[in-house]
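S.K.: Turn this into a structure:
(one chain, ligands or ions: 1)
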Amino acid sequence: MVNPKNGACRLVILISGRGSNMQSIVKSIARESLDAEVCAVISNRADAAGLEWAASRGIATQVVPHREYPSRQDFDGALAQVIDAYEPHYVLLAGFMRVLTPAFVERYEGRLINIHPSLLPSFPGLHTHQQALTDGVQWHGCTVHFVTAKLDHGPIVAQGIVPVLHNDTPETLAARLLSVEHAIYVQVVRWLAEGRVSLDENQIVRVAGVATRAFLPDGSVTSTDGKEQS
Ligand code: GRF
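M.R.: Residues are numbered from 1 along each chain as shown. Down below sits the predicted model:
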């Protein structure tokens, strides 16, 4: 199921808001004719702006309103039913603001990917840009990772960095980081579509033929003389 070499890599993207990461993934699949397809965009919020954008591109959209379910388990069960109808190879979280139950995470083990706006394991949770400013770090960043039951944790697929400026606010820092988020998530989608991403026995990510997955502020990959992984 995970290696999508037979036909297009089927993706379901979960959002809660504007969905700019989702949009950049959809656009790059079209622009680069990637062997991938966003089969559905699903939100827990009916007012998520990204839903309208996805629908305007002819992508199926669904809302699973979390408030209508008595427990996280019930919500996650309903969400999984909707997701599974699209038979995705991967489920991408892109600004999906719900904590998922261990049962949900287990159901999609090795197929559930998230983007988090910090250099994990630093600054899990919310308000990551404020956390970075409070701690005075000079580099901030974002992480694309496999989802595990521990919040904002799990095998790292790619990371990107931006500098922190002396007069940054959480908003300016978030805006600087967003373009790197888009670059790294799209790159991960390329790798997924090419069937190159795997987890080794120590739960470390390997991307066949890729020596470094560290991205610079302009979205390019850092230069390296490291050997390619097999
Ligand atoms: C991004 O910063 C993402 O890293 C975080 O939530 C934000 C979502 O932005 N998880 P968007 O909806 O993709 O524009």
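
S.K.: roughly how far out does stretch 37-44 sit from the chain middle?
M.R.: On the basis of C-alpha atoms, centre = their mean, to the nearest Å, stretch 37-44 is displaced by 13 Å from the centre of the chain it belongs to.

S.K.: Is any residue of the longest helix along the chain near the ligand?
M.R.: The single longest helix within the chain, with elements called by DSSP state H, is helix 170-193. Yes. Figure legend: helix 170-193 in contact with the ligand (C-beta under 6 Å from any ligand atom); contacting residues Glu181. Backbone N, C-alpha and C define where each C-beta goes, glycine included.

S.K.: ok, residues contacting the helix or strand following that helix?
M.R.: Using DSSP states H and E, the helix or strand that follows helix 170-193 towards the C-terminus is strand 197-199. Applying C-beta atoms under 8 Å, 6 or more residues apart in numbering, the contact partners of strand 197-199 are Gly110, Phe146, Pro155, Val157, Val188, Trp191, Val205, Arg206, Val207, Ala208.

S.K.: What are the buried residues along strand 197-199?
M.R.: For strand 197-199, a neighbour-count test (16 or more other C-beta atoms under 10 Å) marks Val197, Leu199 as buried.

S.K.: For that strand, which strands pair with it and how are they oriented?
M.R.: Looking at strand 197-199 with DSSP bridges, its partner strands are strand 205-207 (antiparallel).
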